[in-house]
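Q: Sequence and computational prediction follow.
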Amino acid sequence: IRSKLPHIGTTIFTVMTNRARELGAINLAQGFPDYDAPTRLKDLLALHVAAGQNQYAPMIGVAELREQIALKLGASYGRVPNLDSEITVTLGATEAIFSAVVSLVHPGEEVILFDPSYDSYAPAVISAGGRPIHIPLDPPKFQIDWDRVRAAITPRTRLVMINTPHNPVTTVIPRKELDILAEILRPTDALVISDEVYEHMIYDGARHASIVEHPELYERGVGVFSFGKTMHATGWRVGYAVAPPDITREIRRVHQFNTFSIAHPLQLAIADFLKEVPEHNAGLGAFYQAKRDRFLELLRNSSFSWTPAAGSYFQLLDFSAITRQSDVDFADRVLREAGVASIPISPFYVSPPKLSVLRFCFAKNDSTLEEAAERLCKL
Ligand code: GLN
C-alpha cells in the first residue's frame, strides 16, 4: 500500500514501554503515573455508570464539564471562555491537536514546529497535506531562537505550534516570549496551537504563561489541555481545546466526524470532582516538585548531571560523563544494564544534533523512584 506517512514508525513511547515490559524494567519512559487516580474520582465514575449515563455525550462535551473548564481557566488565566462557542472536550490532547491541525491547515501550507517536537505534531500536519517547517532547539538550553522564527515566516505560514511546559525538554516559554511571538505574527494570518498539557506542573515559583491569557495570541490561538495529566488518569483520554468561536467552529467540523463525542460518564465524573475539590489543580505544582526534587536527591551520587526541570513531569539527565554513545544507544544500554526505561530525545528531531541527555518520567511512587535511582547510580 502507498503510505501517506511513510516516515512514521511506531511512537517511541510505545516502543520503549513494550521493551520495558519484555525486559521487566522500571518504566520511566512513557509519561504516566504509577499511582492511581483519586478514589473520589473513581467513585464518581462508578456512580454515573450505575445511574445510566452510558449513551452519547453532546458532541462539544457535557455542559457541566465545560462549565468547570471555564471556571478553571478564569481562575488560572483571567479569561472565562464562552461555554458554547469556545470550549470543545476531546479524546485527550492528542485528538485536540489532530482535529485542530486537520481543520486549520490547507494542503501546501506551512506549519512551524520546534524540534524536538512532540511526536504527534508532524504526522497531523502531513495528514492535513501541510508542510512541517522544523526549527531546532539547540542543546543544552533548548531555547527558542525567535530570529529563526522570524526568518521562517512566509506567505504560506498557516500555523505555529508551541508547547509549554515542553515535552520532552521540560523548558517553559516565559510571558515575554509570547509577546515576541505575537509581534512576529502581527503582520501575518498565521494561527497558533499552544499545547499546555503540563500547565500545572511548573516549578521553583515560576508561573505558567498560557495562550488563553494573552489577548493578542488568543485571537489567533488554540489552547490544548489534558485531564489525563491533572487527574492522574492518562488512560481516560479526556482533554479539551479552547479557541475563539471562529476557530472552534472549524475544529468541531473535524472533531464531530473524528471521535464525535467523548465518553459520557468520564466527563460527568471529572466535572463533579472539580466541583467537589476545586483546590485540586492548585496542589499539583508542589506535588510534582517534591517528586522531581526527591528523584534528583536520590541521584546525587550518580554520574549524571542535570538542570532541574522547569516544568512537566519529566527530568532530563545528562550522561556525557558516562559515555560518548548516542542517546538512542545509551537508552538501550540503560534499559539492558540498569533495567530502567527512558526516552531518547533525538527521535523528536528531523535532523538531530549530538545529544547526551535522556528523558525520565518522575510521576512515580517514591518506592519506584528509589529503586530506579539506585539502579541509575550504578552506571
Ligand atoms: N505524552 C506521553 C509521553 O510523553 C506519551 C503519550 C503516548 O504514548 N501517546 O510520554
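A: Received, thanks.
Q: ok, now which ones touch the residue nearest to Ser342 when sequence neighbours are not counted?
A: Spatial nearest neighbour of Ser342, excluding adjacent residues (CB to CB, 6 or more residues apart in numbering): Leu358 at 4.2 Å. The C-beta positions use only the backbone N, C-alpha and C, and glycine is treated the same way. Counting by CB atoms under 8 Å, 6 or more residues apart in numbering, Leu358 makes contact with 316-317, 319, 327, 330-331, 334, 342-345.
Q: next one: Lys141
A: Taking CB under 8 Å, 6+ apart as the test, what Lys141 contacts is Thr171.
Q: check which helix or strand covers it.
A: Following DSSP states H and E, there is no helix or strand that holds Lys141.
Q: same check, this time on Ala57
A: Assigned by DSSP H and E, Ala57 belongs to neither a helix nor a strand.
Q: SS state for the residue of the stretch 151-300 of the chain found nearest the ligand?
A: At 5.0 Å from the ligand, Asn167 is the closest residue in the stretch 151-300 of the chain, using CB to the nearest ligand atom. Here Asn167 is coil, with the state taken from DSSP: H, G, I helix; E, B strand; the rest coil.
Q: Burial check on it, number of neighbours?
A: Asn167 has 22 neighbours, counted by other CB atoms under 10 Å.
Q: from what I can see it touches Ser120, true?
A: No - when contacts are counted by CB atoms under 8 Å, Asn167 is not listed as touching Ser120 (10.6 Å).
Q: doesn't the residue nearest to Ser342 fall inside a helix?
A: No - Leu358 is assigned strand when assessed by three-state DSSP, not a helix.
Q: what about Tyr77, distance to the ligand?
A: When CB to the nearest ligand atom, to the nearest Å is applied, the distance between Tyr77 and the ligand equals 22 Å.
Q: what's around that residue, how many residues?
A: 21.
Q: how far away is it from Ala271?
A: Distance, Tyr77 to Ala271, by CB to CB, to the nearest Å: 19 Å.
Q: Which secondary structure elements does the lowest-mean-pLDDT helix or strand in the chain sit against?
A: The weakest-scoring helix or strand in the chain, judged by mean pLDDT, DSSP states H and E, is helix 12-23 (a mean of 94). Using 3 or more CB pairs under 8 Å, 6 or more residues apart in numbering; DSSP states H and E, the elements in contact with helix 12-23 are strand 26-27, strand 340-341, strand 343-344.
Q: could those be laid out in TSV, adding mean pLDDT?
A: Formatted as TSV, those follow (pLDDT from 0 to 100):
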stretch	mean pLDDT
strand 26-27	98
strand 340-341	98
strand 343-344	98
